[in-house]
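**Q** would you be able to build a 3D model of this:
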Amino acid sequence: MTRNMQVSVRATVTAAIVAAVTATVSCSSGPPAPSATSSTATPAASSSTSSPSTAPATASTSTASASTASAALQPFDAGTLRADFERTAKEVLVPGAVMLLVTPEGTLTASYGTGVRDAQRAVSTEDHIRVGSVTKTWTTTAILQMVQEGKLSLDDPVSRHRPDVPNGDNITIDQLLTMRSGLFNYTETLELNSAMDTDPQRAWQPDELLALAYKHPPYFAPGQGFHYSNTNTVLLGLIAEKIDGKPLGQLFKERIFEPLGMKGTVFPDVSSNSIPEPHPQGYFYGDNVLTMTNPALPEAMQQEAIAGTLAPNDVTDVNPSWAWAAGAGISTATDLLTLGEALVNGKLLKAELQQKRLETVTPTNPDTPGGASYGLGIAKSATSMATPENFRASTRSWAATR
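**A** Below is the predicted model:
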C-alpha cells in the first residue's frame, strides 16, 4: 500500500513534489506530520505512463555559517539520494517531481517525469505550484511583524479584533498562532467537503469558512491541547487585514515577497483559480467526502490506481479560496528555499521575536517529545532529509500536508 493512497484527497495539489531544504532550516514550513495533521492531509497523487526525466545533480561549495544546523545534517551521497527521490516519486504515483537540496557540502537539484500526465515537458524548480500550508508561514509572520510594531500583542484576546469568535475573550493571538485555541477546523466539516466536490470553482469568502467552524463545538478549552486547524489561520488573516487596512495579498507582497525577492510567489484573489505559467497540473484520486473521515482510499481503489486502471481527477482549476490565509498561496521551489532560510535565519523578524518564535516550537503530543513540534506558525519535523530513509518519510509527509 503506497503512502499517497493512505492520505486524504481534500485539496487541490500539484503534480510535482518539491523538497527544498537548507543547512540552516531546522523548522519546516508545513504542518507537522503525520500524526499531528490528521485533518490537513492531501496527496499529490497520479499515475503516469511518461518516461521519467532526471536532471543531473549539481554541486557547489557553500559558505553557510550555521554550524549548529550543519552539524545536525548527515552527509549524503548525491547519486543515492537522487535514486531514492525518483523511487519515492514513482511510489506516490506522481507524474513529475522536483527536488532542491542545499547544504554546506553542496547543492543537489533533481527532477523526475513531467508536470502533465502523458506529456513531455519536464518539471523544474521554477514551476509554479500551490504550496498549501506553507501559506500559513506568510500569515503568521505578518502577524508577528505587527506584534513587534506594537499594533497588537500575543496576549491579546481574539475578541479584541474579532468580537464574533465563540469564547473569543479566552482565546489569545498566541493560541491561534500555535494551534492551541481549540477552535473547530472547518475543513473537517461535511458542508465544505461536499461543496468542494459539487462546486470546485466556488469562491469562498473567509467569513463563510469561519461560519462553518463556529457551528461545531471546540476540541478543547483554549490552551488545553493541540489541534491543527485552518480556522486559526483564517482568523489571523482577517485580523492582519484589519490592522494593516490592506488586502492580504498586498500585505504579503509588501512584507514578505518583495523584501525577500520572491518574484515567483503570489497570493491569489478569492475569485481566481488560475496559476501563473509555467505550472504542472494537479491530480488526485476519489473525492473529498470519500476520504473525509478516513484519509485512506478504499483498498479496491488503491489497487486500481496502482494498476493504472483508475485515473486521477485533474483538480488544477479548483479554487483555492477554501484555504485562503491557511493555504491558498502559489510559489516555486527556488522561492520556497529563500523563504525557508528567512524563516529560520531571522530575515523577517527582529532578533528578540525571532528567538521567541524558535523557542515556542514544542511537541504537539507531550507523550512523544521526540515527535513533530509546532510553534508560532512554524513546525519542526521529527526527521531530517539528509538520509534516504528520512528523505522518503519527509517527502511523503510533504505530499500529505496542506
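**Q** what stretches of the chain score poorly on pLDDT?
**A** 1-74, 382-402 (pLDDT under 70).
**Q** and stretch 266-278, which residues are buried?
**A** Neighbour counts over stretch 266-278 (16 or more other C-beta atoms under 10 Å) mark V266, F267, P268, V270, S272, N273, I275 as buried. Quick note: C-beta positions are derived from backbone N, CA and C, even for glycine.
**Q** can I get those residues in TSV with secondary structure and distance to L190?
**A** As requested, those are exported to TSV (DSSP: H, G, I helix; E, B strand; the rest coil; distance: C-beta to C-beta, whole Å):
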residue	secondary structure	distance to L190
V266	strand	31
F267	coil	28
P268	coil	26
V270	coil	22
S272	coil	26
N273	coil	23
I275	coil	28
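**Q** which pair in these spans the largest distance?
**A** Using C-beta to C-beta, the buried residues of stretch 266-278 span at most 15.0 Å, a distance reached by V270 and I275.
**Q** element containing L210, please.
**A** Using DSSP states H and E, L210 maps to helix 206-214.
**Q** wait, K136
**A** Using DSSP H and E, K136 falls in helix 135-148.
**Q** C-alpha coordinates for that helix, PDB please?
**A** The C-alpha coordinates for helix 135-148 follow below in PDB (Å, rounded to 0.1, in the frame of the first residue of the first chain):
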ATOM      1  CA  THR A 135       0.900  29.900   3.200                       C
ATOM      2  CA  LYS A 136       0.500  29.800   7.000                       C
ATOM      3  CA  THR A 137       4.000  31.000   7.400                       C
ATOM      4  CA  TRP A 138       3.200  34.100   5.500                       C
ATOM      5  CA  THR A 139       0.100  34.900   7.600                       C
ATOM      6  CA  THR A 140       1.800  34.200  10.900                       C
ATOM      7  CA  THR A 141       4.900  36.100  10.000                       C
ATOM      8  CA  ALA A 142       2.900  39.100   9.100                       C
ATOM      9  CA  ILE A 143       1.100  38.900  12.400                       C
ATOM     10  CA  LEU A 144       4.400  38.700  14.300                       C
ATOM     11  CA  GLN A 145       5.700  41.700  12.400                       C
ATOM     12  CA  MET A 146       2.700  43.600  13.600                       C
ATOM     13  CA  VAL A 147       3.400  42.400  17.100                       C
ATOM     14  CA  GLN A 148       6.900  43.900  17.000                       C
END
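**Q** for the very next helix or strand once past that helix, packing partners?
**A** Counting by DSSP H and E, the next helix or strand C-terminal to helix 135-148 is helix 173-177. Applying 3 or more C-beta pairs under 8 Å, 6 or more residues apart in numbering; DSSP states H and E, one finds that helix 173-177 makes contact with helix 135-148, helix 230-244.
**Q** if we use 6 Å, what do you get?
**A** Counting contacts by 3 or more C-beta pairs under 6 Å, 6 or more residues apart in numbering; DSSP states H and E, helix 173-177 is packed against helix 230-244.
**Q** what are the buried residues along the helix it packs on?
**A** Neighbour count says helix 230-244 has 230-241, 243-244 buried, by 16+ other C-beta under 10 Å.
**Q** what's the spacing between V94 and T135?
**A** As for V94, its distance to T135 is 21 Å (criterion: C-beta to C-beta, to the nearest Å).
**Q** what does T368 give?
**A** Note on T368: its distance to T135, by C-beta to C-beta, is 27 Å.
**Q** and these two? which has more neighbours close in?
**A** T135 (29 against 13; other C-beta atoms under 10 Å).
**Q** surely the more buried one and G327 touch.
**A** Yes. With contacts counted by C-beta atoms under 6 Å, T135 reaches G327, the gap being 4.9 Å.
**Q** so which residues of this structure form strands?
**A** 18-21, 96-103, 106-113, 129-130, 283-284, 313-314, 330-331, 362-363, 373-374, 379-380 (DSSP state E).
**Q** mean neighbour count added to those, as CSV?
**A** Conversion of the strands of the chain to CSV gives the following (neighbours: other C-beta atoms under 10 Å):
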stretch, mean neighbour count
strand 18-21, 24
strand 96-103, 26
strand 106-113, 22
strand 129-130, 27
strand 283-284, 26
strand 313-314, 16
strand 330-331, 24
strand 362-363, 16
strand 373-374, 24
strand 379-380, 22
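**Q** any idea how far stretch 92-105 is from the middle of the chain?
**A** Offset of stretch 92-105 from its chain centre (C-alpha atoms, centre = their mean, to the nearest Å): 16 Å.
**Q** do me a favour and get the end-to-end distance for it?
**A** Taking C-alpha to C-alpha, to the nearest Å, stretch 92-105 runs 29 Å from one end to the other.
**Q** try stretch 283-291
**A** Terminal-residue distance, stretch 283-291 (C-alpha to C-alpha): 15 Å.
**Q** that stretch: how far from the chain's middle?
**A** Between the centre of stretch 283-291 and the centre of its chain there are 18 Å (C-alpha atoms, centre = their mean).
**Q** buried residues, that stretch. List them.
**A** In stretch 283-291, counting by 16+ other C-beta under 10 Å, buried: Y283, F284, Y285, G286, D287, N288, V289, L290, T291.
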